[in-house]
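**Student:** here is my input, please return the structure:
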Amino acid sequence: MSPQNRGSAEDTEVRIERPLATALRLALHEGVNSGLAAASAMVVQVLFLMPIDSIVTYQYGYGTR
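**Tutor:** Numbers count the residues shown, from 1 in each chain. Here you go, the predicted model:
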């Protein structure tokens, strides 16, 4: 290792060579996991925020009394 390249990113980067099928399967798995996380977050937001929106809309239209 020469003094100029000490600690550079290309010296510390580790590349893993894998077959295309394995890389695609891994990408699909990560994509599905991300999609499930996003879908569950949307469900939680709808379940908790829609009733609040309905209450605020009713109060705005009819008042609090």
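
**Student:** from here on, just use CA atoms for contacts and neighbour counts.
**Tutor:** Will do.

**Student:** all helices of this protein, in order?
**Tutor:** In the chain, the helices defined using DSSP state H lie at 9-12, 20-62.

**Student:** dump the ones you listed into JSON lines; add mean pLDDT and mean neighbour count as well.
**Tutor:** Output for the helices of the chain, formatted as JSON lines (pLDDT from 0 to 100; neighbours: other CA atoms under 10 Å):
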{"stretch": "helix 9-12", "mean pLDDT": "63", "mean neighbour count": "9"}
{"stretch": "helix 20-62", "mean pLDDT": "93", "mean neighbour count": "11"}
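
**Student:** how distant is stretch 21-39 from the center of its chain?
**Tutor:** Remark: stretch 21-39 is offset 11 Å from the chain centroid, using CA atoms, centre = their mean, to the nearest Å.

**Student:** dump that stretch to CSV, keeping only the CA atoms.
**Tutor:** Output of stretch 21-39 as CSV, limited to C-alpha atoms (Å, rounded to 0.1, in the frame of the first residue of the first chain):
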residue,chain,number,x,y,z
ALA,A,21,-30.0,-14.9,-9.9
THR,A,22,-28.9,-14.5,-6.3
ALA,A,23,-28.6,-10.8,-6.7
LEU,A,24,-32.1,-10.5,-8.2
ARG,A,25,-33.6,-12.7,-5.5
LEU,A,26,-31.9,-10.6,-2.8
ALA,A,27,-33.2,-7.4,-4.4
LEU,A,28,-36.7,-8.8,-4.7
HIS,A,29,-36.6,-9.9,-1.0
GLU,A,30,-35.5,-6.4,0.1
GLY,A,31,-38.1,-4.7,-2.1
VAL,A,32,-40.9,-6.9,-0.7
ASN,A,33,-39.8,-6.1,2.9
SER,A,34,-39.7,-2.4,2.2
GLY,A,35,-43.1,-2.5,0.6
LEU,A,36,-44.6,-4.4,3.5
ALA,A,37,-43.1,-1.8,5.9
ALA,A,38,-44.6,1.0,3.9
ALA,A,39,-48.0,-0.6,3.6
